[in-house]
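> Based on what follows, work out the 3D shape:
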Amino acid sequence: MTSYEVVNNVAVITCRNLPVNQLSYNLRVGLIDGLKQALADPSVIAVVIAADGQTFIAGADIKEFSTGMAFKRPLSELMAALDNSSKPTIAAIHGTALGGGFEVALACHYRVGSSRCKVGLPEVLIGLLPGAGGTQRLPRLVGPMLAAEMICSGKHVKASVAADRGIFDRVVNILPNHRLSAERLILKTAAIRFAIDVAGKSLSDRVLSRRPVPVMDDFFYTQFGNMLNKSARGFLAPQLCLQAVRAAQESASFADGLKRESELFMKLASGPQSRAQQHIFFAQRQISKVPGIDGQLALPIERVGIIGCGTMGGGIVMCFVERGFSVVVLEMEQRFLDKGLGVVRSNWQRQVKKGKLSPAKFEAYMARITPTTRYSDLSEVDIVIEAVFEQLAVKQKVFAALDDVCKPSCILASNTSFIPIAKIAQATRRPQQVIGCHFFAPANKMQLLENVRFEGGADERTCATVQAMAKRIGKKGVLVRSCPGFVGNRMYAVQGMAADELILEGATVQEIDDVMYRDVGSAMGIFAVSDLSGLDIGYKSRKDNGVLRSARDYTVGDVLVEKYGRVGLKSGRGYYDYPKLPQSRKGVASPMVNELIERLSQQRGIVRRAIAKQEIVERIYYPFINEGFKVLEEGVAIRPSDIDVVFVFGYGFPAHKGGPMHWAETQIGLKKIYQTLSRLYAQSPQKAYLKPSELLKQCVDANVSLTKLW
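Okay, here's the model as predicted:
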């Protein structure tokens, strides 16, 4: 896993655990043995630790924690050897030095980095903290404030910023035309020269474990903790990362600080949040592995057509333009085109004013957009994504027109959130190149992209192409099969039904949203989400599809729209009132809505009662999870973890619970869900969504987890 050579009396230990040099057992042994060899050789004056492959040491191999290999020749042994080295050690960093890789670099006496590289301690993102001294060494190098910022956020830091903070002792300039092999050679040469320069110099101040920690007062730690409560609500790891940083300052010695770091690490490692966050980490990798789909078949996408430049269409435009694509935007009327692109322009201009986007980049963005009112201008695009009104007839008309003008290889995609894709494809002569690409608002920010295939269409090449496209535009592309609502909206609709029943039975809008937001940890409660999205969207869809045939078919939201014009945030009134718009988007309880709900309950013969939090959780989430089992049964989703990715990245489900399916089997218990649903279904057999799925029953009967059975 390593190679060893001596160049000009400098030992060079090169990591070769390709491609990203994970700190696995064999690599740790190679580094420890290489360092021993260098220290035993009297001709060696210094040691450089470098790496082949794409990057410097990328971090620990997470899988070793479950196998126990992480504790054989542990990383702490290497760190102690570096701390006690009598010869200067220099980390030569290219690519990224993350997690354990950065901790190794911090244990070296010096750090030399490529101008392209980044460093960071991202363990917090998988529910852990740096466990090899990172929380103790970094505060000694950059101070507790910057250390807390890096460790508690997990953000990567560019070489130039790292140099300004004193992390790097030298940054080696790499030109844009330099390939990776040239970068590594230039860096290695510079590191050897640097090693020769520092050889023989005193190391007394170069060992970070022996440096004092700058002191921050209680006010800093309190304020930082309060900030974390807001920015990382519900997550335990950021708070314990802050405690570990504070331990560096308050511990009597470095060894005591390490002991405290280890205690906090074990607390996280043995808890449910770290398992949940690691589950989501690996689930994101799994979504690109689709059985029966060869990724090599993906067609290149360079030029994209977008039909519709409203809220969703404009967001999709931004999404592609910001990733370097040329975009043709079609609206049938110039005024709608001007209005939509005006919003896009304003969004970028706000970024320019805040210093987040350069004026030159803004102009480059705008230059990539070709506005048009003619279908013929879409003749050379590689894919077209329609984002028009959610009506089947409208979408079929659009697809028929596209079929006539687009080149034969062009993929036709719909952004529909509910309509079965097969019905839209009926308007074309190329069903094998028709697919759903369901973006989530705001499309330029939300990370999920639900790619929807269907029987008789969306062939292997089309699926491979949109999955590759998702990755290029920075989305989590989850491939699902078509059904009403697909995975996300189908399951979310079950929550909507349950929530509507609960408010008619006695729970308030605020109580349900509070349980979802505060107790479960979702980004927003379901009624707040409805107000944000617009109550009119669901109402119009139900109206157009003939769902609203009698008074009892109307949800509370439907009544609010049809009788009172309360469509949500955009009208200043929905389930909540928004009295301080536009200065504040904070909703307050609406007496009028509460009175309406009570009146509807009375009209429908429902006796209202107080409803406990636990019942709200059970009725909002258990049928919703059950629908996930049905989605798997029917082959709509490929695997349980795909459903988890959909809800964490598309619906604000808390990542520290790992997604609804992971939460169900690891924290709630499948037997509890099954028994609760069986009881509810027996009480209300007319509610089909309460009937336990066969897959859930199989898991409970066999006493196995969904993961094992699936």
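> what about residue 85, is that helix, strand or coil?
Of the three states, residue 85 takes coil under DSSP: H, G, I helix; E, B strand; the rest coil.
> Now it: phi and psi?
phi -60, psi 130 (degrees, to the nearest 10).
> Check the contact between it and residue 107; I expect there is one.
No: Residue 85 lies out of contact with residue 107 (C-beta atoms under 8 Å); the separation is 9.1 Å. In this view, the C-beta of every residue, glycine as well, is placed from N, C-alpha and C.
> who's more crowded, those two?
The neighbour comparison of residue 85 against residue 107 (other C-beta atoms under 10 Å) goes to residue 107, with 25 against 20.
> Tell me who's in contact with the nearest residue to the more buried one once chain neighbours are set aside.
Excluding the flanking residues, the one nearest residue 107 by C-beta to C-beta, 6 or more residues apart in numbering is residue 82, at 4.0 Å. Listed by C-beta atoms under 8 Å, 6 or more residues apart in numbering, the contact set of residue 82 reads 35, 89, 104, 107, 108.
> quick one, phi psi at the residue nearest to residue 483 when sequence neighbours are not counted?
Take residue 483 and drop its neighbours on the chain: the residue closest to it by C-beta to C-beta, 6+ apart is residue 636, 5.3 Å away. The phi/psi pair for residue 636 (degrees, to the nearest 10) reads phi -70, psi -40.
> OK, contacts around residue 118?
The neighbours of residue 118, taking C-beta under 8 Å, 6+ apart as the test, are 95, 96, 97, 98, 156, 157, 158, 159, 162.
> Flag every buried residue along the helix or strand bottoming out on mean pLDDT in the chain.
Ranking every helix and strand in the chain by mean pLDDT, DSSP states H and E puts helix 63-67 at the bottom, with a mean of 75. Neighbour counts using 16 or more other C-beta atoms under 10 Å place 64, 65 of helix 63-67 among the buried residues.
> Can I get that helix in PDB, CA atoms only?
Extracted C-alpha coordinates of helix 63-67, given in PDB (Å, rounded to 0.1, in the frame of the first residue of the first chain):
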ATOM      1  CA  LYS A  63     -16.300  -0.100   6.800                       C
ATOM      2  CA  GLU A  64     -13.400  -1.000   9.100                       C
ATOM      3  CA  PHE A  65     -15.300   0.300  12.100                       C
ATOM      4  CA  SER A  66     -17.900  -2.500  11.700                       C
ATOM      5  CA  THR A  67     -15.300  -5.200  11.000                       C
END
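> what comes into contact with that helix?
Contact with helix 63-67 is made by 24, 25, 70, 269, as judged by C-beta under 8 Å, 6+ apart.
> The residue nearest to residue 483 and residue 616: what is the separation?
27 Å (C-beta to C-beta, to the nearest Å).
> Surely residue 322 and residue 365 touch.
Yes: using C-beta under 8 Å, residue 322 is in contact with residue 365, at 6.8 Å.
> Could you check which of the two has the larger neighbour count?
When residue 322 and residue 365 are compared for neighbours, residue 365 comes out ahead with 20 against 16, by other C-beta under 10 Å.
> Roughly how far does that one sit from residue 446?
For residue 365, the distance to residue 446 - C-beta to C-beta - is 19 Å.
> And the pLDDT at residue 71?
pLDDT for residue 71: 77.
> Quick one: the strands in the stretch 201-350 of the chain, in order.
Here the stretch 201-350 of the chain has its strands, by DSSP state E, counting those that start in this stretch, at 303-307, 326-330.
> closest one to residue 436 among those?
Set against residue 436 and scored by C-beta to C-beta, the strands of the stretch 201-350 of the chain come closest in strand 303-307, at 14.3 Å.
> Quickly run through the sheet partners of the closest one, with directions.
strand 326-330 (parallel), strand 383-386 (parallel) (DSSP bridges).
> Could you check how far the next helix or strand after the last one is from the centre of its chain?
In other words, strand 383-386. Once strand 383-386 ends, the next helix or strand along the chain (criterion: DSSP states H and E) is helix 392-405. Remark: helix 392-405 is offset 34 Å from the chain centroid, using C-alpha atoms, centre = their mean, to the nearest Å.
> Contacts for helix 392-405, please.
Helix 392-405 is touched from outside by 307, 375-376, 378-379, 384, 386, 388, 410, 412, 414, 416, 419, 423-430, 434, with contacts defined as C-beta under 8 Å, 6+ apart.
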